[in-house]
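# Just the structure for this:
(one chain, ligands or ions: 1)
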Amino acid sequence: MKASPVVALFLSITASSLVGCGSKKPAPQSTAGSGTGATAGSGTATGSNAAMPPRNYNAISRSDFNRFAVRANLPIYWTADVDNDKNLDANEVASLLFYPSQTAWTKGNAFTPAFDQAYDTIVKLAAAPDAGIAEADLARAKLVAADLDGGRATLVHNDFSKAPADDKVFVAHMLKVAALIDDLYALQNGTATLAPQVKDTLSQSLFRRNRGPKCAAPGTDSNPACTAIAGLNKVAFDVYPADIQKADDFCAVLEKRKDAEALLTPFTVVRADGKGFKAVPYTEAYQAPMAAIAAELRAAADAVKSPNEAPLITYLRAAAQSFTDNNWQPADEAWSKMSVDNSKWYVRVGPDEVYWEPCAHKAGFHLTFALINQGSIAWQKKLVPVQQDMENSIAARAGKPYTARKVTFHLPDFIDIIVNAGDDRDALGATIGQSLPNWGPVANEGRGRTVAMSNLYQDPDSQAARKAQAESLLDATSAANYFVSPEPGLLSTILHEATHNLGPAHEYKAYGKTDDAAFGGPLASVYEELKAQTGGLYLVEFLRGKGLLTDLQAKQTYTDCIVWAFGHISQGMYVGTGKAKTRKAYSNLAAIQIGFLLDKGALTFDANIMAANGTDKGAFVIHHDKLIAAINDMMTTVAGIKARGDGKAANALASKYVDGAVVPHKLITERYLRFPKSSFVFAVTQ
Ligand SMILES: [Zn+2]
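Prediction:
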């Protein structure tokens, strides 16, 4: 299911906070910036008058431009100040998908009149954010604005302008599929019919981003007054009868029925049937929209001309058929036969995850459309010839009773997202690892696919935020090895995933006991992830020794892993409270690693030196001369605990670093969480 043990590397993490809210497009807005709602000013667009001197677009900073563009619900994004002149230039603007309107902001190398209008709207709104909002609505509007500000618009951009003609046609069809999937998902989650009730531009933006009227950012999400539709805070999901959803325990009521099994199948909706209920297939409940998606998928298949893409064509046609007959198994079979070796694309379309709705039974429609990450393929090819050496090395660290076994890698498919549609696209954060399908023979026989989304959080803003986080915790010398590039993160993700295949794993029994039996479920997960991430550190020196990494790349990867660990520590060690309190595997492992390095002196905290940012007093120092020995010890300790099924040692290490005082949890969290969460927006240059 979603966010399986796979990957949660890179910085802040999944946050596929599965709020069950989707949206049909908000009430149509004419074009960009035409001031409909209270918040949008009409601007002073002058059109393109050749006699006018070229105007500047430097009235507002880039971050404010993007923030107020979201508030104005305008599909515009200042991608980067490429030439650092603080002026928005025509090659620095992107037109965003999944907004109520689509507007061309540039023509050739020049801005369009629509751009001028949008620019003026944004500047005016930033100068007077509350202008025009009725007094009675001001409190709600301020909450809505705060919720929008709780996410920093973060661009996922793909450029197909130089791609082969066939690819362009294919991409265009897939973007149509994406829009249709969004509409279908909004039907499923019951928000499609609410769109006309969303009155002002600010609220329309919230409704669009949050896939419904509810707020989503930490702090505002729990405030019932924070809503896009005044007075409305509960949405009836279309997959169950609206009447029964008035009761808070309606899921339990359904689950206790004799016919529960028939009613709660994943690809049906529950409808009233006389005094009882019946399950209606998706293809019946959503016949017209699903037929439209099937047609578009067939058109996409027709557009693919490359003989190398036969498995993709087969899958697209199988998926189209499933959208017609509601039988998803043939599509799963075709999908499972696709791989990083036989297609450059990654497509998954259909109903898959169930977390979006309150009972978690009905599969939500989504589209994941991505490119296979070629960089990860290159690394996999380098690692496969040395995989047995890696196993032997880790087995030697693990010690008795574990002995090296014959290993073959099964790495996830690393994919670079083009668009996430339907249930795939969250208000804040994104899913960065997924195993599918959830049902049927392909799932039950272990023939599914696992993916890691490798391009998310790699945009310039996210990279800059993460660099600032690193520089708030590390001293200047240590931070100098923090490399602003996706490479170190990608390599450590690959080594982490590789190490899941190495040493004692879930199926290994120490003296007859599995890791679940030896450590208990949650701690077993911590140790499997700790082993994987420790392998991510340990194998760096192994690869450097083989000449596959330079000294500098090794240092950068270590630094990246330490910053990654700080990020996970900042997420907190547990979820839930009381009896429901459980360990967060990644956070726990991060604390254990940082604690271990501190105790070994490979990482020190000096309260009297300044952090690299020059403003925070007290910073961590990485001692590269002690790091490799400390990591080797860590590998021996962690793999050894797993090899022996040593529950006592596992608990001792966890209590010392997860719950104890060695790791300054509070300081790390305070410095790391100064930055807003990412809210992904998408642009495709065609
Ligand atoms: Zn893992």
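# Follow the chain on from the helix or strand hosting Asp64 and name the next helix or strand.
Assigned by DSSP states H and E, Asp64 belongs to helix 62-71. For helix 62-71, the following helix or strand on the C-terminal side (DSSP H and E) is strand 76-78.
# outside of the helix or strand just after that next one, which residues touch it?
Toward the C-terminus, strand 76-78 is succeeded by strand 93-95 as the next helix or strand (DSSP H and E). With contacts defined as Cβ atoms under 8 Å, 6 or more residues apart in numbering, strand 93-95 is touched by 75-79, 102-106, 111, 115, 155, 157, 683, 685. C-beta here means a position set from N, CA and C on the backbone, and glycine is covered the same way.
# Would you agree Glu541 falls within a helix?
Yes. Counting by DSSP: H, G, I helix; E, B strand; the rest coil, Glu541 is part of a helix.
# that older thread, for the helix holding Asp64, give the mean pLDDT please.
What helix 62-71 shows for mean pLDDT is 97.
# ditto for stretch 563-575
Averaging pLDDT along stretch 563-575 yields 92.
# Output the below-cut-off pLDDT ranges for the stretch 451-600 of the chain.
Across the stretch 451-600 of the chain, nothing is flagged by pLDDT under 70.
# quick one, strands of it?
574-575, 582-583 (DSSP state E, counting those that start in this stretch).
# Show me what the first one is packed up against.
Going back to what we said before, that points to strand 574-575. strand 582-583 (3 or more Cβ pairs under 8 Å, 6 or more residues apart in numbering; DSSP states H and E).
# Also the last one?
Using 3+ Cβ pairs under 8 Å, 6+ apart as the contact test, the elements touching strand 582-583 are helix 521-545, strand 574-575.
# make it 6 Å
helix 521-545 (3 or more Cβ pairs under 6 Å, 6 or more residues apart in numbering; DSSP states H and E).
# Centre of the chain to the helix it packs on, how far?
22 Å (Cα atoms, centre = their mean, to the nearest Å).
# Now that helix: buried residues?
522-544 (16 or more other Cβ atoms under 10 Å).
# is that helix up against the ion anywhere?
Yes. Using Cβ under 5 Å from the ion, helix 521-545 comes into contact with the ion via Glu529, Ala532.
# going forward can the numbers begin at 3, since that is how I track them
In the new count, where the first residue is 3, that last one comes out as helix 523-547.
# The closest residue to Leu675 other than its chain neighbours and Gly435, how far apart?
Nearest non-adjacent residue to Leu675, counting by Cβ to Cβ, 6 or more residues apart in numbering: Ser572, 5.5 Å away. Per Cβ to Cβ, to the nearest Å, Ser572 is found 19 Å from Gly435.
# and the residue of the chain found nearest the ion, what does it touch?
The chain approaches the ion most closely through Ala534 (4.4 Å), counting by Cβ to the ion. Residues in contact with Ala534 (Cβ atoms under 6 Å, 6 or more residues apart in numbering) are His498, Thr501, His502.
# Now list the buried members of those residues.
Here, 16+ other Cβ under 10 Å leaves His498, Thr501, His502 buried among the contacts of Ala534.
# Distance to the ion for the residues you listed - can I get that in a markdown table?
Putting the buried ones among the contacts of Ala534 into a markdown table (distance: Cβ to the ion, whole Å) gives the following:
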| residue | distance to the ion |
| --- | --- |
| His498 | 6 |
| Thr501 | 8 |
| His502 | 6 |
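# For Leu600, state which of these is nearest.
Minimum distance to Leu600 across those is 21.3 Å, recorded for His498 (Cβ to Cβ).
# so is Arg427 in a helix, a strand, or just coil?
Arg427 - assigned by three-state DSSP - is coil.
# Same check on the one 4 residues further on?
Three-state secondary structure (criterion: three-state DSSP) places Gly431 in coil.
# Extract the C-alpha trace of the helix or strand harbouring Val255 and format it as PDB.
According to DSSP H and E, Val255 maps onto helix 252-258. C-alpha atoms of helix 252-258 as PDB (Å, rounded to 0.1, in the frame of the first residue of the first chain):
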ATOM      1  CA  PHE A 252     -21.100   4.800   9.700                       C
ATOM      2  CA  CYS A 253     -18.000   2.800   8.600                       C
ATOM      3  CA  ALA A 254     -18.400   0.500  11.600                       C
ATOM      4  CA  VAL A 255     -22.100   0.100  10.900                       C
ATOM      5  CA  LEU A 256     -21.400  -0.900   7.300                       C
ATOM      6  CA  GLU A 257     -18.600  -3.300   8.400                       C
ATOM      7  CA  LYS A 258     -20.900  -5.100  10.800                       C
END
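# that older thread, quick one: contacts for the residue nearest to Leu675?
Here Ser572 is in contact with Ile670, Thr671, Tyr674, Leu675 (Cβ under 6 Å, 6+ apart).
# Quick one: buried ones out of the residues you listed?
Ile670, Tyr674, Leu675.
# list the contacts for the residue nearest to the spatial centre of the chain?
Centroid check for the chain by Cα atoms, centre = their mean gives Ala432 as the closest residue, at 2.0 Å. Listed by Cβ under 6 Å, 6+ apart, the contact set of Ala432 reads Leu458, Phe682.
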